[in-house]
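> Coordinates for the following, if possible.
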Amino acid sequence: MNAPLGQCRAAPKLAQPPRGAWREATGSGAPPSPGLLRRATSPYTLDCDSSYRRWREAKLAVAATRAEQLLVPIANPAALNEDERSALLLRLSQHNMALYQVAPAHNHKALVQRLGEQLGLRQLDANWLADEDGVSNITVARGEGEPSQTRADFIPYTTQAIRWHTDGYYHPAARQIRSMVLHCAQPAARGGDNALLDHEIAYIALRDQSPEHIRALMAPDAMTIPERRDEHGVARAAQSGPVFSVSTADGSLHMRYTARTRSIVWKDDAATRAAVACLSELLASPLPHILRLQMPAGMGIVAHNVLHDRSTFVDSPEQPRLLYRARYCDRTHAQELVWR
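Numbering: from 1, shown residues only. Predicted structure coming up:
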């Protein structure tokens with residue numbers, strides 16, 4: 001049996017796969033379509049350890065430990081060439097995320113949706129704080145001229161740190177956020193760093209500790225976000241659901257999580273408490289696959305809604321921090337990681 005990827009209550013150590021494991025696990029030829037995953041034994045099925053072990057080996061053989069491994073320079077985000085598109089989709093297949101960098105001439109809001117479209121993203125989730133185009137301007141809210149419950153009431157629109165989370169964890173299952181594009185138009189004067197972790201790596205680390213952690217976090221009532229109220233009553237109903245779930249459409253793994261400690265209710269049993277504690281320890285540990293960076297102007301991330309956080313920051317009055325965020329209810333056209 002392979003050594004566990006991480007250790008709860010101890011510093012995680014990476015279990016390096018043997019040289020050549022990627023070729024042995026994947027074979028040759030074009031990757032199968034994502035739909036193949038649901039027609040065969042899923043690696044996320046707890047009662048089929050052999051599939052999990054093969055998938056795990058293939059996943060760790062290509063896992064990134066430096067943010068630069070995800071970076072793809074892009075000449076024109078409005079018209080990706082085949083090499084750029086293939087490089088982005090390959091990283092999404094392997095890591096569920098890709099970084100890109102564009103020249104100053106292309107550092108504008110319109111690129112966000114256009115880039116997503118070229119990677120297969122169509123189902124834009126236009127939340128109530130987004131602009132008319134469905135893309136959100138993530139910048140510090142000043143409050144002037146905004147609705148009674150302003151953007152300043154929500155942490156992304158402040159200078160505060162944001163703890164580990166996936167986007168849309170408060171959404172119902174029918175409105176899962178499965179992908180996102182986050183583009184940095186202007187970094188903060190200081191701080192505002194991001195940490196990123198492929199949710200499939202988090203799954204491996206937890207399952208290596210104990211399959212019972214996964215079982216607990218797949219329970220349909222594992223995590224509940226209480227209702228949000230405003231002056232008109234219930235603005236958003238309470239939402240209960242699992243942390244980990246498997247798509248019935250394409251067999252991919254989805255994660256719904258927040259490290260917040262207020263306005264959250266975890267299932268009150270020993271198994272869930274143990275699983276949540278282990279996940280918290282892993283996210284606070286020096287796991288080599290936690291990637292840290294401060295995105296400069298013109299850099300962005302395309303991701304299958306991986307785990308991420310944000311450090312606190314100091315803004316420049318003349319050039320305040322500004323990111324553009326588009327969230328989608330579908331996944332990119334990235335192929336399934338080949339592991340069979």
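> in the chain, what spans have low per-residue confidence?
Scanning the chain for pLDDT under 70 picks out the ranges 1, 9-40, 128-130, 143-150, 234-235.
> what do you get if the cut-off is 50, keeping everything else the same?
Of all residues in the chain, those with pLDDT under 50 make up the ranges 10-30, 36-37, 39, 147-149.
> For the spatially most central residue of it, grab phi and psi.
Centroid-nearest residue in the chain, with CA atoms, centre = their mean: Val306, separated by 1.2 Å. As for Val306, its main-chain torsions (degrees, to the nearest 10) stand at phi -70, psi 170.
> starting at the chain centroid, how far to stretch 330-340?
Offset of stretch 330-340 from its chain centre (CA atoms, centre = their mean, to the nearest Å): 15 Å.
> My error: substitute stretch 269-280 in the last question.
21 Å.
> Tabulate the CA atom coordinates of it in CSV.
C-alpha atoms of stretch 269-280 as CSV (Å, rounded to 0.1, in the frame of the first residue of the first chain):
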residue,chain,number,x,y,z
ASP,A,269,-21.6,13.3,14.9
ALA,A,270,-18.1,12.0,15.7
ALA,A,271,-17.3,11.0,12.2
THR,A,272,-18.0,14.4,10.7
ARG,A,273,-16.1,16.2,13.5
ALA,A,274,-13.1,14.0,12.9
ALA,A,275,-13.2,14.5,9.1
VAL,A,276,-13.6,18.3,9.4
ALA,A,277,-10.7,18.5,11.9
CYS,A,278,-8.5,16.4,9.7
LEU,A,279,-9.2,18.6,6.7
SER,A,280,-8.5,21.7,8.7
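> The residue lying closest to Gln294 once chain neighbours are set aside: neighbour count?
Nearest non-adjacent residue to Gln294, counting by CB to CB, 6 or more residues apart in numbering: Asp193, 4.6 Å away. Where you see a C-beta, it was placed from the backbone N, CA and C, and this is true even at glycine. Using other CB atoms under 10 Å, Asp193 is surrounded by 17 other residues.
> how close does Asp193 get to His304?
Distance of Asp193 to His304, given as CB to CB, to the nearest Å: 21 Å.
> what does Val246 give?
13 Å.
> just to revisit the earlier point, what about the residue nearest to the centre of the chain, distance to Asn107?
Distance, Val306 to Asn107, by CB to CB: 23 Å.
> do the same with Val338
Separation of Val338 from Asn107 (CB to CB): 35 Å.
> Please apply the same query to Cys278.
40 Å.
> With Pro211 instead?
Pro211 is 45 Å from Asn107, by CB to CB.
> ranges for the strands of the stretch 151-300 of the chain?
Secondary structure of the stretch 151-300 of the chain (DSSP state E, counting those that start in this stretch): strands at 162-165, 179-186, 190-191, 194-197, 223-225, 228-230, 233-236, 239-241, 244-246, 253-255, 265-266, 291-293, 299-303.
> number of nearby residues for the residue nearest to Gln319 when sequence neighbours are not counted?
Of all residues not flanking Gln319 in the chain, Gln186 sits nearest, at 5.4 Å (CB to CB, 6+ apart). Applying other CB under 10 Å, we find 17 residues neighbouring Gln186.
> hang on, Gln186 packs against Ala297?
Yes: using CB atoms under 8 Å, Gln186 is in contact with Ala297, at 5.7 Å.
> Which helix or strand contains Leu92?
Assigned by DSSP states H and E, Leu92 belongs to helix 82-95.
> er, Asn137 actually
Going by DSSP H and E, Asn137 is part of strand 136-138.
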